[in-house]
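[1] Quick one, structure for this:
(chains A, B and C)
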Amino acid sequence: MNIHSYEKLWLIAALLLIVGFIATITYGSVGLGIAMIDDSEDTVNPGSLDEDFGEPRVEHVGENEYEAYVIAQTFTYRPDPIEVPADSEVTFYVTSRDVIHSFSVVGTNVNTMVIPGEVSSMTVEFDDPGEYGIVCNEYCGDFHHTMEGQLHVVPEDEFDMTELSVEADDEVELGDEATFNVSVENGMLDDLETTASFEIGDETVEEEITVAGESTEETTFTVDSSDLGEGDHDWTITVDDYEESGTLTVVDELEEENDGGNNDE
Amino acid sequence: MSNAYIDQFPAEAKVVKALFYSSFVALALGGVFGIIQTLHRTDIYRFIDSANYYSVLTAHGVFMVITFTIFFLVGVFTWAVTTSLDREVEDIRFTWAWVALMSIGTVMAAVPILAGLTDSIDMSAAVLFTFYAPLQGHPLFYLGLVLFVVGTWVAGADWFRSWWAWKKENPDARIPLPTFMVLTTMIMWYIATMGVATSILVFLLPWSLGWIETVNPLLTRTLFWFFGHPVVYFWLMPAYMMWYVMLPKFSGGKLFSDPLARVGFVLFLLLSTPVGIHHQYLDPGISEGFKFIAMTNTMFLLLPSLLTAFTVVASMEHGARQRGGTGYFGWLKALPWRDPVFAGMALAGLLFAAAGFSGMVNAGMNINYLVHNSLWVVGHFHLTVGTAVALTFMAVSYWFIPQVTGKELWNRSVALVQVVLWFIGMTFMTNSMHRAGLIGMPRRTAEPQYEGFEFETAVGSVGELDAQIALGGVLLTLSLVLFFANIIGTAFGSRSDTLPDNGYAEALSGSDDAPRVLDNLKLWTAIAIVLVIFAYSLPLLSIVDRGGLFGPDIPPLPVSLESVTFLAFAVEHVATVALESAGNFAQTALSGVIN
Amino acid sequence: MGQATEESEQLQEIGHDEYDPVGTLALIGLYFLILVFLWLFVYFVEFLGNDPTVIGTMLIGGIA
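    Residues are numbered from 1 along each chain as shown, chains lettered A, B, ... in the order given. Modelled structure (predicted):
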């Protein structure tokens, strides 16, 4: 077989091109540490994600390290929005409850297929705050085009994983004491030192509380209804940026069947 | 009296003509769905419900890349084998049988796809060209695909029969180049379709009929891509064949190197299949090592395409120089640019060079985080199958249709405008699709306009990109209208005696220069199978090991419901009746023998 | 209207040994340069500039 010398030259150039491409990709993997989605996660049963995978959530797992457990299903992502702080390293674990989806953060290289039964894990560094859209780029049914979510990378000093909930009386009899059970959950690893403040009528009570990492602290505010008098009284409980509020009704005499109410809002 | 294909092989010309016309019907339908979806997703003009977009998309994909391309290419292959072996098919009834099989399969698959557009029939197959489980199409869709593929298998058998018969009469002759190309392509196709056949027959069809409860979505998806990448070479190989054996002739020259053409096709046979995992770079459940192996194979698959680029351009240059062309680039002016056949094929080749680049990016493992499932990919394959293949097929039709009908082409100028319009339309459409992909715009979406965020362009705007895509779509539609005007005009013309002779290009460096080992198809088949086993056995075992053969407990998500149970019942019923009557027949026969 | 393909207006016959595809070499050399440039651009500007990017848990930092 005689091959023209020009074509031999091109053959060599073509091989160089191919080797160059493979070398670039390898540099990306080894030199820059770009990792592929792989088989490192155990499989899950899409029918029992609650046990295998747990609730959709973000967890604080180390200093500046977070894990986001995301469930994709027709036609939403949970949690939505996903909130993480800037200057952090986030590992996403994404799985599907039903058909094949994708989890693609628009304008970034965070992009994976989401296959039921499999978990895609991706570690990503977020240096700066920003808001990103998440789209499903794999056709998943009639309303595929409506499947989107949000990823919020918030400034570090604005980020917390605090959750405030309040259980309060709705109605009390004049002269009785009204109680407000406050629980503050801290999802971060570090202790949370903060102040819970309670406002009702003209009265304000403040209490310093410390919530240990990954735990919940409870406290109770009480108020004597005689001080408030008969009628409706608005109250507010504030912890950092979180606020719960409601109305306490003080009545002359409680009706028989009324159990006093124990709703938190 | 002319010596066109219809004069040499009148019976075969009828078959080829039927195949071409069938492919054109699919092209017309595909084109209608194409313009509907272009205007819909760019939000220029929407008149269908967005939920129906996916039926339109499925129809566009299946009609274009399965029906149009494959019907056309089996026609070309039939022409190539009969012409280059200079013998009729062994049995024309056998030939018509596979044409019928392919046609029945197409109709069966088309019915549920089109039924998905209307609410009055509870059938749908809006599962797109990739039919990923757990999305579930109507069983008729899967059955149709199976029949269609079986039809192509039988077609391959037809060509092998011809070759075996010819070899007996010509024991020492080299396989003529066009036949060599047909045979290597078909061997690749046999290997590749094992994946989709397994996926459908073992998993998806029984599952859609309710005979098995679940499937492993990663497994069926991997089996799809086992077939899904080589299928693109199944479309491309006939276009390459046209570039190798016809384009030099239309350029006024000879094929630069027959041996290198053979080397190219052998490389495609070896490397087309063990690369499918490069469509799954972003899939969980497949290790990075397997992905890297798939990438290496894919990158080396560039080699035969890059070699083709040289050989084909050198063949054109040979023609140009024989026509008096000179200089480093000046020879390009000496090429017959006013000939629609030449111009269409050359422009298709030019856009294929651009497609080569986006394909190299697609092949890169980690860069897929940027482009995977974005509009970039759609831009890429509109350059490959949508231009390199489709435009080559349309252009060469202007030569083939007179050959198989015996009629002169209706209008050459219209043909020239048609191929140039396609080139311009695709240039608008694909450059903007690539750019839209880079800003993260997803493919396969009815409304890529989202509530929570906007796509950010560095240059231009989303509106400008959409406008370019839509303009491209309109030009392409116009181009199709001109194409059909020409085909219909030709079909209604009268017989001509002045057609060019049937034939293909000679080679400067002929088959005598090619080492004989190149013609050893058994050897290449064996190596191809070994490579496939190397590339796929471990990933498949690992996927089955992880997720189970039939996957976890996931309910199917049927795109249609009620008629499935009926069909399952009907299939069972027919099978039972067939078995019973077979039993009765056997009994009768047996008692007849005994008595 | 004539046939789809005009008969080639051949002026000279160029045989195997007297033909050097120098124009092809020039064109394909140009193509090579375009490929290299575009590859570098898309990988290092479009891809690596599109961060954040997925990194392995072992290798932290270092991405442009």
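[2] Going by C-alpha atoms from here, please, whenever you check contacts or count neighbours.
    Will do.
[3] element containing the residue in chain B positioned nearest to chain A?
    Nearest residue of chain B to chain A (C-alpha to the nearest C-alpha) works out as B:G285 at 4.0 Å. B:G285 is part of no helix or strand, with elements assigned from DSSP states H and E.
[4] Tell me, how many residues neighbour it?
    Per other C-alpha atoms under 10 Å in any protein chain shown, the neighbour tally for B:G285 reads 26.
[5] Need phi/psi at it.
    phi 90, psi 0 (degrees, to the nearest 10).
[6] How about B:G228?
    phi -70, psi -30.
[7] dump the residue contacts of the residue lying closest to it once chain neighbours are set aside.
    Closest residue in space to B:G228, ignoring its immediate chain neighbours: B:G276 at 6.7 Å, by C-alpha to C-alpha, 6 or more residues apart in numbering or on different chains. The contact partners of B:G276, by C-alpha atoms under 8 Å, 6 or more residues apart in numbering or on different chains, come to B:T222, B:W225, B:F226, B:F227, B:G228, B:H229, B:P230, B:A294.
[8] Mind pulling the model confidence for the fifth one?
    This means B:G228. Confidence at B:G228, expressed as pLDDT, is 95.
[9] quick revisit: now the residue of chain B closest to chain A: closest residue in space, sequence neighbours ignored.
    A:D39 is the one closest to B:G285 (C-alpha to C-alpha, 6+ apart), at 4.0 Å.
[10] Could you check stretch A:3-13 against chain C for contacts?
    Yes: for stretch A:3-13 and chain C, the contact criterion (C-alpha under 8 Å from any C-alpha of the partner chain) is met by A:Y6, A:W10, A:A13.
[11] Just the CA atoms of whichever strand or helix holds B:T78, as CSV, please.
    Using DSSP H and E, B:T78 falls within helix B:69-85. What follows is helix B:69-85, C-alpha atoms only, in CSV (Å, rounded to 0.1, in the frame of the first residue of the first chain):
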residue,chain,number,x,y,z
THR,B,69,-32.1,8.1,6.5
ILE,B,70,-32.4,4.3,6.7
PHE,B,71,-34.9,3.9,3.8
PHE,B,72,-32.6,6.0,1.7
LEU,B,73,-29.4,4.2,2.6
VAL,B,74,-30.8,0.7,2.0
GLY,B,75,-31.7,2.0,-1.4
VAL,B,76,-28.2,3.3,-2.0
PHE,B,77,-26.7,0.0,-0.7
THR,B,78,-28.9,-2.0,-3.1
TRP,B,79,-27.7,0.2,-5.9
ALA,B,80,-24.1,-0.1,-4.8
VAL,B,81,-24.0,-3.9,-4.5
THR,B,82,-25.8,-4.6,-7.8
THR,B,83,-23.8,-2.0,-9.7
SER,B,84,-20.3,-2.8,-8.3
LEU,B,85,-20.8,-6.6,-8.5
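[12] Now do it: everything it contacts.
    B:5, B:12-13, B:15-17, B:19-20, B:22-23, B:88-89, B:152, B:155, B:159, B:162-163, B:166, B:176-179, B:182, B:235, B:238, B:389-390, B:393, B:502-503.
[13] now swap in stretch B:4-23 and tell me
    B:67-72, B:74-76, B:78-79, B:83, B:88-89, B:92, B:95-96, B:99, B:401, B:403-406, B:499-502.
[14] Give me the next element, helix or strand, following the helix or strand of chain A with the lowest mean pLDDT.
    Between all helices and strands in chain A, the lowest mean by mean pLDDT, DSSP states H and E belongs to helix A:225-228, at a mean of 86. Scanning forward in sequence from helix A:225-228 by DSSP H and E, the next helix or strand is strand A:231-239.
[15] List the buried residues in the least confident helix or strand of chain A.
    Neighbour-count burial for helix A:225-228, counted by 16 or more other C-alpha atoms under 10 Å in any protein chain shown, picks out A:S225, A:L228.
[16] how far out from the middle of the chain is that helix?
    Relative to the mean C-alpha coordinate of its chain, helix A:225-228 is positioned 40 Å out (C-alpha atoms, centre = their mean, to the nearest Å).
[17] can you check stretch B:469-478 too?
    Relative to its chain's centre, stretch B:469-478 lies at 22 Å (C-alpha atoms, centre = their mean).
[18] Quick check: pLDDT value at the residue lying closest to A:G201 once chain neighbours are set aside.
    Leaving aside its sequence neighbours, A:G201 sits nearest to A:H233 (C-alpha to C-alpha, 6+ apart; 6.3 Å). Looking at A:H233, its pLDDT is 91.
[19] mind checking how far A:T247 is from chain C?
    46 Å (C-alpha to the nearest C-alpha, to the nearest Å).
[20] what do you get for A:E185?
    For A:E185, the distance to chain C - C-alpha to the nearest C-alpha - is 29 Å.
[21] what's the answer for A:L192, then?
    In terms of C-alpha to the nearest C-alpha, A:L192 sits 28 Å off from chain C.
[22] Name whatever forms a beta bridge with that residue.
    Here A:L192 sits in beta bridges with A:V211, as judged by DSSP bridges.
[23] Let me know whether the residue of chain B closest to chain A touches A:D38 as I believe.
    Yes: using C-alpha atoms under 8 Å, B:G285 is in contact with A:D38, at 5.6 Å.
[24] anything in contact with each of these two?
    Common neighbours of B:G285 and A:D38 (C-alpha under 8 Å, 6+ apart) are A:S120.
[25] residue ranges of the strands in the stretch 51-200 of chain A, please?
    A:57-62, A:65-73, A:76-78, A:82-85, A:88-96, A:101-105, A:111-114, A:120-126, A:130-135, A:148-154, A:162-168, A:171-173, A:177-186, A:192-200 (DSSP state E, counting those that start in this stretch).
[26] which one of those is the most hemmed in?
    strand A:111-114 (a mean of 29; mean count of other C-alpha atoms under 10 Å in any protein chain shown).
[27] Backbone dihedrals for B:L147, please?
    Main-chain torsions, B:L147, degrees, to the nearest 10: phi -60, psi -40.
[28] Next, count neighbours for the nearest residue to it once chain neighbours are set aside.
    In space, and not counting its chain neighbours, B:L147 is closest to B:G105: 4.7 Å by C-alpha to C-alpha, 6+ apart. Close neighbours of B:G105, defined as other C-alpha under 10 Å, add up to 23.
[29] so B:G105 is in which element?
    Going by DSSP H and E, B:G105 is part of helix B:92-115.
[30] For the helix or strand following that helix, name the packing helices and strands.
    Scanning forward in sequence from helix B:92-115 by DSSP H and E, the next helix or strand is strand B:135-136. If you count contacts as 3 or more C-alpha pairs under 8 Å, 6 or more residues apart in numbering or on different chains; DSSP states H and E, strand B:135-136 packs onto strand B:557-558.
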